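Student: sequence first, predicted coordinates after that:
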Protein chains: 2
Amino acid sequence: MIRVLQMGLGPIGLATAARARRTSGLELAGVVDTDPRLVGKDLGELLGEPALGIDVAADVLGAIDATHPDLVLHATGSFLDEVAAQLYPILDRGLSIVSTCEELAYPFYRHPELARELDEAARKAGAVLLGSGVNPGFVMDKFAVTLMAACESVGAVRVERVVDAATRRGPFQRKIGAGLSREEFAEKNSDGRMGHIGLAESAHMLADAMGVSPERGMDRLLQPVFAEKRISTGEVEVSPGQVAGIHETVVIHADGTERVRMELDMFVGAPNPHDAVVVEGKPRLEVEIGSGVAGDEGTVAVVVSCAPLVQGLQPGLRTMLDVPLAPTTAPRRILRSSPAPS
Amino acid sequence: MIRVLQMGLGPIGLATAARARRTSGLELAGVVDTDPRLVGKDLGELLGEPALGIDVAADVLGAIDATHPDLVLHATGSFLDEVAAQLYPILDRGLSIVSTCEELAYPFYRHPELARELDEAARKAGAVLLGSGVNPGFVMDKFAVTLMAACESVGAVRVERVVDAATRRGPFQRKIGAGLSREEFAEKNSDGRMGHIGLAESAHMLADAMGVSPERGMDRLLQPVFAEKRISTGEVEVSPGQVAGIHETVVIHADGTERVRMELDMFVGAPNPHDAVVVEGKPRLEVEIGSGVAGDEGTVAVVVSCAPLVQGLQPGLRTMLDVPLAPTTAPRRILRSSPAPS
């Protein structure tokens, strides 16, 4: 039984806590959030269920001392420089962390120095630090890398994800600009932070897996997608000509050719939502996941799946490349060998 | 640099040796086969290339002493009881093995006692023993298990593989009965060994990954597929009404419902070759690999991909469930952490 502590109770953290409770082999030791509106409340209340006897703690170290977890599931933010300070004290206690922080999924490019420091802290403490989730973490990177192993050689990879944002949460719809005018979108995107956090991380994970050294960084294009007809999602009203969401492209070149291409459509009313990977290799592999892997549900599932698996990884900053992905029902008796007989 | 010794120089072994030579990070230390027609010949001659200065050795232990490999790639047979005796002495030398032996991919059901003994021998020696390949090993098992990790829960899984046997080697076409009459097929199949070796192993890997205990073993159905029109593959002539190949189904039930279904079509002229996985889970995932993962090429690629990865696994009998699949170009600096600073 692995005792997990959930840190961060936004929509993903809350769903992860709920899922961990229902997952055999996992035990929810406690939940932590600094939001004063949540602290002290029973988790059951937050989930709209009867009381569970698990109160929201404000302080993660206090909660660790009180509940003795084996692992922390971390979901407090997307930007590594903003959450790194939360990670060190947990690692220092020797506790491994599975985090949904998108920039942690592959931090070697955007935050090489932080990555080095976090790796050192984790190794020193004998703990594992892993950035996980569905995107980044699975559908546009790990999944494609797994496929590549069936190719003798890989020249290029293209990954495409189309998400109908109308099926996602209201804050998500607003984050991608649904309902904005062209001018409002441009202004909101003036700091360049409007695209999908993690797309660059996925692209670099793919490039690394292919042995590609980007020769001029990466090319990135973020464009608004405009609605052609009126769409009402229940959260956002979008009129024809208004922004429905985004189309984002990230491309990595090496040796004068395109090696990695990521295409991400996220807008309300997007037709034919799906995930697709084309590995231009020997052989060529073309894979499509029918209606796509749902964002929030998928992230919760992948994070929870990783909980037992990190215990088999070598200490340090690890990535999804290191994880032999399997559901939590997979047999530990096979995955984890007992110590060699003496 | 990982020095590999190729044991077994049938079509797959020969292709694996050739691929290992061309793979950066791997070095082909030597090749071994007991066939007197091959012993002493230069590998280049067998590959139809200029001499390579690598002669076929007859004795694997002698070759190990002479060439000091880090790893043995093993491709001598499909049945574990027939090849197990070859594995012990290699493990005893502390050498890890990646084998294409189909029954080794998941030996816990058909050969539980052998699996236990091999696991013990490997752990004692600090070595890893892994059954690998594309089928079993990837397309009908590992690939589906990887997908399952993105589901909150999985009720059932269906895996379908359609192979146009006309694109495969002549011996493969004859193995599946292409060109036989109905009566000849029935007679050839009288020992029940005609189906695809490894399908049951894949099914049990899936069942285990789902936490399913088969309640009445598995149901297996093997049927000949008859040609509707004349097909000439260059190796085999098949007239209308003659056997074109096989259709094989393996099903595992638990709790009164079907949990795992494998459908395998392998016949000359099979239309629309492809691989497909349907995970009846939350969410439901439906994945198709366009024209399918080629059998021989895929096996070679997966085996070679596993060569660097086994070094990161815990000693013992491992399975593809344990392997964080990635191409050989994936960065070891990330995959394998340096020792913790003292």
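Tutor: Thanks, I have the structure now.
Student: which residue is the nearest non-sequential neighbour of residue A:14?
Tutor: residue A:46 (6.1 Å; CB to CB, 6 or more residues apart in numbering or on different chains). For the C-beta atoms, the positions are set from N, CA and C on the backbone; glycine is no exception.
Student: quick one: pLDDT of the one you found?
Tutor: Residue A:46 carries a pLDDT value of 97.
Student: look up how far residue B:28 lies from it.
Tutor: Per CB to CB, to the nearest Å, residue A:46 is found 59 Å from residue B:28.
Student: between those two, which one's more packed in?
Tutor: Set residue A:46 next to residue B:28 and count neighbours by other CB atoms under 10 Å in any protein chain shown: residue B:28 wins out with 23 against 18.
Student: that one: what's it in contact with?
Tutor: Neighbouring residues of residue B:28 by CB atoms under 8 Å, 6 or more residues apart in numbering or on different chains: B:3, B:4, B:6, B:17, B:20, B:21, B:43, B:54.
Student: just the ones of these in strands?
Tutor: In strands, judged by DSSP state E, the following of the contacts of residue B:28 are found: B:3, B:4, B:6.
Student: neighbours around the closest residue in space to residue A:52 that isn't next to it in sequence, how many?
Tutor: Distances taken as CB to CB, 6+ apart put residue A:44 closest to residue A:52, at 4.0 Å, once the chain neighbours are dropped. When neighbours are counted by other CB under 10 Å, residue A:44 registers 16.
Student: quick check: residue A:44 touching residue A:56?
Tutor: No. The pair residue A:44 / residue A:56 is not scored as a contact, 11.0 Å apart, by CB atoms under 8 Å.
Student: tell me the SS of residue A:180?
Tutor: At residue A:180 the chain is in coil, as set by DSSP: H, G, I helix; E, B strand; the rest coil.
Student: residue contacts, the closest residue to it other than its chain neighbours?
Tutor: Computed as CB to CB, 6+ apart, the closest residue to residue A:180 that is not its neighbour in sequence is residue A:243, at 4.4 Å. Taking CB under 8 Å, 6+ apart as the criterion, residue A:243 is in contact with A:177, A:178, A:179, A:180, A:181, A:182, A:184, A:185, A:224, A:225, A:226, A:227.
Student: for those residues, which one is nearest chain B?
Tutor: Set against chain B, the nearest of the contacts of residue A:243 by CB to the nearest CB is residue A:178 (22.5 Å).
Student: quick one, phi/psi of that closest one?
Tutor: Backbone geometry at residue A:178, expressed as degrees, to the nearest 10, gives phi -60, psi 130.
Student: do stretch A:291-300 and chain B meet?
Tutor: Yes. Counting by CB under 8 Å from any CB of the partner chain, chain B has neighbours in stretch A:291-300: A:291, A:293, A:294, A:297, A:298, A:300.
Student: ok, the fifth one touching residue A:139?
Tutor: What it means is residue A:298. Yes. Counting by CB under 8 Å, residue A:298 does reach residue A:139; the two are 6.9 Å apart.
Student: intersection of neighbour lists for the two?
Tutor: Common neighbours of residue A:298 and residue A:139 (CB under 8 Å, 6+ apart) are residue B:150.
Student: ok, the two, which is more surrounded?
Tutor: Taking other CB under 10 Å, residue A:298 and residue A:139 do not tie; residue A:139 has more neighbours (27 against 24).
Student: test my guess that that one contacts residue A:293.
Tutor: Yes. Using CB under 8 Å, residue A:139 makes contact with residue A:293 at a distance of 4.8 Å.
Student: any idea how far residue A:70 is from residue A:17?
Tutor: 15 Å.
Student: of the two, which one has the most company?
Tutor: Higher neighbour count among residue A:17 and residue A:70: residue A:17, with 28 against 18, using other CB under 10 Å.
Student: find the nearest non-adjacent residue to that one, please.
Tutor: Leaving aside its sequence neighbours, residue A:17 sits nearest to residue A:6 (CB to CB, 6+ apart; 4.1 Å).
Student: name the residues contacting each of residue A:139 and residue A:293.
Tutor: Between them, residue A:139 and residue A:293 share these contacting residues under CB under 8 Å, 6+ apart: A:275, B:150.
Student: residues from the stretch 101-250 of chain A in reach of chain B?
Tutor: Residues of the stretch 101-250 of chain A lying near chain B (CB under 8 Å from any CB): A:108, A:119-120, A:123-124, A:126, A:134, A:138-139, A:142-143, A:145-152, A:154, A:208-211.
Student: understood, closing this out.
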